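Visitor: sharing a model that was predicted from the sequence below.
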Amino acid sequence: MTAAAALLGLAAGAGLAFAVWLASLPLRDVSIVDIAWSFLVWLPAAVAAAALPHETGPRAGPLLALALVWALRLSLHLAWRARGRPEDPRYQAMRARHQPHFGLKSLWLVFALQALLGWVVAWPLMAAAASAAPWRMLDGIGLALMAFGIAFEALADRQLARFRADPAQRGRVLDSGLWRYSRHPNYFGECCVWWGAWLVAAAGGGWWSVVSPLLMTLLLLKVSGVPLLEAHLGQQRSAYADYARRTNAFVPGRPRP
């Protein structure tokens, strides 16, 4: 991957983030950045691949296509989940902390940061697209892991959406389906996606892009994923402590008695 192509990818992500920021201003809702997040990853990779001074390698088509499936699925799911709802409470709290002029401040506090993170997460896609190395068994393993992660995350999200839509389940904890084996199966699936993408990049020589899955794993396990949700659910549902005792936090496993 040339520096020029990578920087063009970064510029594309920044342009998309800027457009979404403009849309957020009249809505007074910066949480729409979550809907755009997956394309803040995919678009830089697609633009960088198109900007390569030579023809893309054999990995570009399959990997970018699979990443597009991931991006579309996640974006549509988050848009459907957010319909009719106010700004996400996380961003409401941020808005309150950074008054006055949060609308302007959100350009760099939220949107520029998301664009930069999306670009870093896209590194395996860029590295794989630029590699002319022949296909290896590791490519197949990586693509299979990525496809598994997309399907696993989609199924977990579907099971959770169906549970939340049932009035009889109000105040209860979902402990069936994939959620019987992991408290956060959707996050586990997301990690599989990026470790799978990295394996494809590594097969083509892009070992350096390991920063991407490491960053995603860190964010999901230690920053914006599991910790925030665990704290919220622990406060909202009294049965959650027992569920947490019985069920693995992340990697699926047999429930404890």
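Guide: Done, it's in.
Visitor: so how far is V251 from L174?
Guide: Going from L174 to V251 by Cβ to Cβ, to the nearest Å gives 18 Å. From N, CA and C alone the C-beta is placed, and that goes for glycine too.
Visitor: what about those two, which has more around it?
Guide: Legend: neighbour count by other Cβ atoms under 10 Å for L174 and V251, higher for L174 (17 against 11).
Visitor: would you mark the buried spots in stretch 70-86?
Guide: Neighbour-count burial for stretch 70-86 flags 70-71, 73-75, 77-78, 82 (criterion: 16 or more other Cβ atoms under 10 Å).
Visitor: equivalent analysis for stretch 132-142, please.
Guide: Applying a neighbour-count criterion of 16+ other Cβ under 10 Å, one finds 139, 142 buried in stretch 132-142.
Visitor: avg pLDDT for it?
Guide: The average pLDDT within stretch 132-142 is 95.
Visitor: where do the strands sit along the stretch 51-200 of the chain?
Guide: Using DSSP state E, counting those that start in this stretch, the stretch 51-200 of the chain contains no strands.
Visitor: okay, and the helix or strand of this protein with the least pLDDT?
Guide: helix 226-236 (a mean of 66; mean pLDDT, DSSP states H and E).
Visitor: any idea of the mean pLDDT for the next helix or strand along the chain from that one?
Guide: Moving toward the C-terminus from helix 226-236, the next helix or strand (DSSP states H and E) is helix 240-246. Averaging pLDDT along helix 240-246 gives 85.
Visitor: show the contacting residues for S176.
Guide: Taking Cβ atoms under 8 Å, 6 or more residues apart in numbering, we find S176 in contact with Q159.
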